[in-house]
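Visitor: Can you look at this prediction? I've put the sequence above it.
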Amino acid sequence: MSNRPLILLLVDDEPLREALRFSLETEGYAVATRPDGRPVAAVVVDEGDWRGPVQGLPTIMLTGDAERLMRRGVSGVAVVEKPLLDDALERKLSTLLGKIPPGETCPARVG
């Protein structure tokens, strides 16, 4: 059994999902694309695939328009803007999971 944090990736778009899976696994995370009974450390969801907050789990929403989320009243999630051109998702995950203090620029590696 792996001690890598498990990220639940809720993204319907297959090319995006596979790119995110590759990136997260390269960073040292385990990735699942549907709940399978294993303990989940965090959820990453694409805005278009969001069905509502996941109770008790840190959730990161990928969006192309953070202001639209605010207008819709979406709350209780961390936001990472698309397009994902740098390591913003890894930094946000590291912060949410307590691997680096908020505001640090160098993400911790897990694995």
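Guide: Thanks, I have the structure now. Residues are numbered from 1 along each chain as shown.
Visitor: mind listing the helices for this structure?
Guide: Along the chain, the segments classed as helices by DSSP state H run 14-26, 66-72, 88-96.
Visitor: Export those helices to CSV and append columns for mean neighbour count, mean pLDDT and distance to Ala41.
Guide: No exception for glycine: its C-beta is placed from N, CA and C like everyone else's. Conversion of these to CSV gives the following (neighbours: other C-beta atoms under 10 Å; pLDDT from 0 to 100; distance: least, C-beta to C-beta, whole Å):
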stretch, mean neighbour count, mean pLDDT, distance to Ala41
helix 14-26, 14, 93, 11
helix 66-72, 12, 77, 23
helix 88-96, 20, 88, 8
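Visitor: Columns distance to Glu47 on top of the ones you listed, output as CSV?
Guide: Formatted as CSV, the entries for the helices of the chain read as follows, by distance: least, C-beta to C-beta, whole Å:
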stretch, distance to Glu47
helix 14-26, 11
helix 66-72, 7
helix 88-96, 14
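Visitor: right, and those - which one's nearest Thr33?
Guide: Comparing those against Thr33 with C-beta to C-beta, the closest turns out to be helix 14-26 (6.5 Å).
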